[in-house]
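[1] Next one to model:
(4 chains)
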There are 2 protein chains.
Amino acid sequence: MNLKELSKITGVSQTTVSRALNGYPEVSEKTRALVNAAAKQYNYQPNTKAQALATGKSKMIGYVLPKASQNEMPNPIFGDFIAGAAQTYGKQGYDTNITLTDSDTQAETYRDLYAKGSVDGIIMQAPKENDERISILKKLGLPFVVHGRSTGSNDYHFVDVNNTHAFVRATNFLVDLGHQRIALINGNENLDFAIRRKHGYLQAHEDRGLNVDTTIMFSSEMTEEFGYHTMTKLLTMKSPPTAALLSSYIMAIGARRAIGEKGLRIGKDFSIVIHDDALSYLPNGSTHPIFTATRSSVGEAGRLCAEILLDAIQKPEQQPRQIILEAELVVGSSTGPAPQHD
Amino acid sequence: MNLKELSKITGVSQTTVSRALNGYPEVSEKTRALVNAAAKQYNYQPNTKAQALATGKSKMIGYVLPKASQNEMPNPIFGDFIAGAAQTYGKQGYDTNITLTDSDTQAETYRDLYAKGSVDGIIMQAPKENDERISILKKLGLPFVVHGRSTGSNDYHFVDVNNTHAFVRATNFLVDLGHQRIALINGNENLDFAIRRKHGYLQAHEDRGLNVDTTIMFSSEMTEEFGYHTMTKLLTMKSPPTAALLSSYIMAIGARRAIGEKGLRIGKDFSIVIHDDALSYLPNGSTHPIFTATRSSVGEAGRLCAEILLDAIQKPEQQPRQIILEAELVVGSSTGPAPQHD
DNA sequence: GTATAAATCCAAAGCGCTTTGAAGGTTTTT
DNA sequence: AAAAACCTTCAAAGCGCTTTGGATTTATAC
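    Numbering: from 1, shown residues only, chains lettered A, B, ... in the order given. I've put the predicted structure just below:
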């Protein structure tokens, strides 16, 4: 069923059908009712491609994800993020266009997406420090919002967690409990969020007059396995730390496994604070938190990104909106006073 | 940069430009080179909407995901699945169109997707028993492949794991170790895969002449928390089981937590076999498996789905291709002989 | 050298929609 | 009753591409 057919059926011109359906005022209520009824009856849906071509708007939001590869994996938070964003998209009739690409060609992919006219706006994820993608997107003039942010430039929309502050607080929390040697198990430090968390960790150390020991600072892809291996390594040191900050729940799972294997008790023998993205399939305890954590919902971030982006698409020339979410510090049973030295 | 401009620049007609770029033979190598060079220089990319409109192919694969809600959550395997699929899509220039919808309107969403001409084909996920979506997709004539399958009809493309057999083997493996009371912690049993796994579990019990105890069979959304609560419940029974089958790694993480809290040792005091989707961020041990598991890579399933779908799009009328992957049974340290009764 | 075939190229139509500019029909005003 | 104003509708152009059918040029055969 297309416009022409529907026009024939209703006996009014294509123009009128189009206008009736799109709510234009210059059509009588009589005809509008007639058209609407026919459209419903024949389940007429305007062809999106034709509509996009005619209007110049594709009603698509672009996401560019790195392909799965050795050193890059599908992001476990993506599902929750996009589900959050979709609450906003759905209402306004936007769909999501996902392009997968090798990470070294991401920038080109953005350029192509623009040249091909595939999307009206883009959500950029996992920004690095001085991320070149940002300048490219700015140059293209394609509306975009960054989930996270990129040190280096400042005039773009973003939604980020106050990662620095979160890890300052987390570190202080542990120091207050008497911990002096606190490990950091971080995400890949070419990513902006990981850099900021590290800064927070370092800053708190400085503030509290504690020495930093780079041999208990780690960063890599945030897998369960990395959490496990790192924690195992820590626990077999001559003078192991008594606590650790972990950048994700997933890594903490591995860390917990390592701690369990050594016969130690979390929260007693070893304290852990994690950053909790509030993933739906990994709730950090619904009543009482399992892990003490800095918590910020990635679904909520998705929702906010979407709102800002849709807004930016409608009115392109406006001040960058920059939202920095404060993570809440939730206290669970994975932390306790530092064990006393015998 | 569009066709018309490029045509003006190169001095040949739009027809020729189009043909040169799309590799048609009726254009001399001279002109083709000329056109290609210009296209590269100006980074010309054909407008996808116009192309789609002209050809009738959108070069988009549709996914319909349920919105996040109380009883439905973003699927943690989605990222890996789509990353696998994209290896295939990318090569052939397909992108992914994700529509999020309430789960009770999924069927309509498919119909709309078809009516709007947004996609050339669809990957259907998380099939239920007698899933109405399948008959709708068949009626529409839109190429689709199901990740999983749906008891009830049989004439469609799908890629599934042999869930029944996997859980027969897993159960037998535990029985061989002397376990007599084996719990089942399953996914939501309105989903086809969960039904099949349960069947496998039951069948093995029957084969081995074991009684089935429905009080140690559970099913729900596969979260860490559900794994934890269920395992806690099991361990506090008067006569607790000595082993359990779990439908996902995520749930096993919760189960492990519960077991640890009770001071028991996995593989010694309590045995666990899981189904492992081989998620990239949750590797079940790279050298030695953490959990004994029936393993089948969801990324691989994604790749196969994509291949079949693209094939089906090219040649619509062909026998349904149905791939049933056998899960491998990998033995890790989460299983051991049943503890002897005192 | 002309006739035939092959190789290149192009103008124009069409994909399904939106939107401009104009026309036909009603109602109101003078 | 004619003029002005508005309301409602429509034909046609245009979005950027592909593709048909035809035209023009070049190569091959007679």
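[2] from here on, contacts and neighbour counts on C-alpha atoms
    Fine.
[3] okay, the helix or strand harbouring A:T171 in PDB with CA atoms only?
    In this assignment (DSSP states H and E), A:T171 forms part of helix A:163-176. Provided in PDB are the C-alpha atoms of helix A:163-176 (Å, rounded to 0.1, in the frame of the first residue of the first chain):
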ATOM      1  CA  ASN A 163      34.200   9.800  37.400                       C
ATOM      2  CA  THR A 164      36.900  11.700  39.100                       C
ATOM      3  CA  HIS A 165      34.800  12.700  42.000                       C
ATOM      4  CA  ALA A 166      33.300   9.200  42.200                       C
ATOM      5  CA  PHE A 167      36.700   7.700  42.600                       C
ATOM      6  CA  VAL A 168      37.900  10.400  45.000                       C
ATOM      7  CA  ARG A 169      35.000   9.500  47.200                       C
ATOM      8  CA  ALA A 170      35.500   5.800  46.900                       C
ATOM      9  CA  THR A 171      39.200   6.100  47.700                       C
ATOM     10  CA  ASN A 172      38.400   8.300  50.700                       C
ATOM     11  CA  PHE A 173      35.800   5.900  51.900                       C
ATOM     12  CA  LEU A 174      38.400   3.200  52.000                       C
ATOM     13  CA  VAL A 175      41.000   5.400  53.600                       C
ATOM     14  CA  ASP A 176      38.500   6.300  56.300                       C
END
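[4] pLDDT value on A:F173, please?
    On the pLDDT scale, A:F173 is placed at 98.
[5] Now A:G336. Nearest residue, chain neighbours left out?
    Excluding its sequence neighbours, the residue lying closest to A:G336 (Cα to Cα, 6 or more residues apart in numbering or on different chains) is A:G267, at 4.8 Å.
[6] quick one: that neighbour and A:S334 touch, right?
    Yes. Applying Cα atoms under 8 Å, one finds A:G267 in contact with A:S334, separated by 4.1 Å.
[7] okay, and the common contacts of the two?
    Residues touching both A:G267 and A:S334 (Cα atoms under 8 Å, 6 or more residues apart in numbering or on different chains): there are none.
[8] Name the SS class of A:N97, please.
    Classification of A:N97 by DSSP: H, G, I helix; E, B strand; the rest coil places it in strand.
[9] A:D155 now?
    Classification of A:D155 by three-state DSSP places it in coil.
[10] count of residues packed around it?
    12 (other Cα atoms under 10 Å in any protein chain shown).
[11] circling back to that earlier point, and the contacts of the helix holding A:T171?
    Residues outside helix A:163-176 that contact it (Cα under 8 Å, 6+ apart): A:182, A:193, A:196-205, A:208, A:243, A:245, A:271, A:273, A:293-294, A:326-329, A:335.
[12] Surely A:I122 is within a strand?
    Yes. Under three-state DSSP, A:I122 falls within a strand.
[13] From A:R208, how far out is it?
    Using Cα to Cα, to the nearest Å, we find A:I122 at a distance of 41 Å from A:R208.
[14] cool, A:A52 as well?
    For A:A52, the distance to A:R208 - Cα to Cα - is 58 Å.
[15] next one: A:M222
    A:M222 is 28 Å from A:R208, by Cα to Cα.
[16] isn't A:A107 right up against A:R133?
    Yes. Counting by Cα under 8 Å, A:A107 touches A:R133, with 5.4 Å between them.
[17] quick one: the helices in the stretch 201-342 of chain A?
    Counting by DSSP state H, counting those that start in this stretch, the stretch 201-342 of chain A has helices at residues A:224-235, A:249-261, A:298-314.
[18] now for these, which one comes closest to B:N162?
    When the helices of the stretch 201-342 of chain A are compared by Cα to Cα, helix A:224-235 sits nearest B:N162, at 26.8 Å.
[19] what's the average pLDDT for that closest one?
    97.
[20] Mind checking if it is in reach of chain B?
    Yes. Contact of helix A:224-235 with chain B (Cα under 8 Å from any Cα of the partner chain) involves A:E224, A:E225.
[21] Can you mark which positions in that helix are buried?
    Neighbour counts over helix A:224-235 (16 or more other Cα atoms under 10 Å in any protein chain shown) mark A:E224, A:E225, A:F226, A:G227, A:Y228, A:T230, A:M231, A:T232, A:L234, A:L235 as buried.
[22] Taking helix A:249-261 as reference, get the angle to it.
    Angle, helix A:224-235 to helix A:249-261, by axes from the mean of the first three to the mean of the last three Cα atoms, to 10 degrees: 40 degrees.
[23] Filter the contacts of helix A:163-176 down to the buried ones.
    By 16+ other Cα under 10 Å, the contacts of helix A:163-176 give A:182, A:193, A:196-205, A:243, A:245, A:271, A:273, A:293-294, A:326-327, A:329, A:335 as buried.
[24] Tell me which of these fall in strands.
    Counting by DSSP state E, the part of the buried ones among the contacts of helix A:163-176 found in strands is A:I182, A:A243, A:L245, A:S271, A:V273, A:A293, A:T294, A:L329.
[25] Surely the first one touches A:A244?
    Yes. Look at A:I182 against A:A244 with Cα under 8 Å: they come within range, at 5.0 Å.
[26] from the middle of its chain, how far away would the helix-or-strand element of chain A with minimal mean pLDDT be?
    Lowest mean confidence among the helices and strands of chain A (mean pLDDT, DSSP states H and E): helix A:78-92, at a mean of 89. Chain-centre distance of helix A:78-92: 11 Å, with Cα atoms, centre = their mean, to the nearest Å.
[27] Which strands and helices lie in contact with it?
    Judged by 3 or more Cα pairs under 8 Å, 6 or more residues apart in numbering or on different chains; DSSP states H and E, helix A:78-92 is in contact with helix A:298-314, helix B:78-92, strand B:95-101.
[28] quick one: contacts of the first one?
    Contact partners of helix A:298-314, identified using Cα under 8 Å, 6+ apart, comprise A:77, A:80-89, A:120-123, A:143-147, A:157-160, A:277-279, A:318, A:321.
[29] From these, list the buried ones, please.
    Among the contacts of helix A:298-314, those classed as buried by 16+ other Cα under 10 Å are A:77, A:80-89, A:120-123, A:143-147, A:157-160, A:277-279, A:321.
[30] So the host helix or strand of A:T109, near DNA strand D or not?
    Using DSSP H and E, A:T109 sits within helix A:106-115. No. Applying Cα under 7 Å from any atom of the strand, one finds helix A:106-115 separated from DNA strand D by no less than 8.5 Å.
[31] now the angle between strand A:95-101 and that helix, please.
    Going by the same axes, to 10 degrees, helix A:106-115 makes 140 degrees with strand A:95-101.
[32] Output helix A:106-115 as PDB, nothing but the C-alphas.
    Extracted in PDB, the C-alpha atoms of helix A:106-115 (Å, rounded to 0.1, in the frame of the first residue of the first chain):
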ATOM      1  CA  GLN A 106      35.600   4.700  13.100                       C
ATOM      2  CA  ALA A 107      36.200   8.200  12.000                       C
ATOM      3  CA  GLU A 108      35.700   7.300   8.400                       C
ATOM      4  CA  THR A 109      32.600   5.500   9.300                       C
ATOM      5  CA  TYR A 110      31.200   8.700  10.700                       C
ATOM      6  CA  ARG A 111      32.100  10.600   7.600                       C
ATOM      7  CA  ASP A 112      30.400   8.000   5.500                       C
ATOM      8  CA  LEU A 113      27.400   7.900   7.600                       C
ATOM      9  CA  TYR A 114      27.100  11.600   7.000                       C
ATOM     10  CA  ALA A 115      27.800  11.500   3.300                       C
END
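[33] in the stretch 1-150 of chain A, which ranges drop under the pLDDT threshold?
    Within the stretch 1-150 of chain A, the stretches with pLDDT under 70 are A:68-72.
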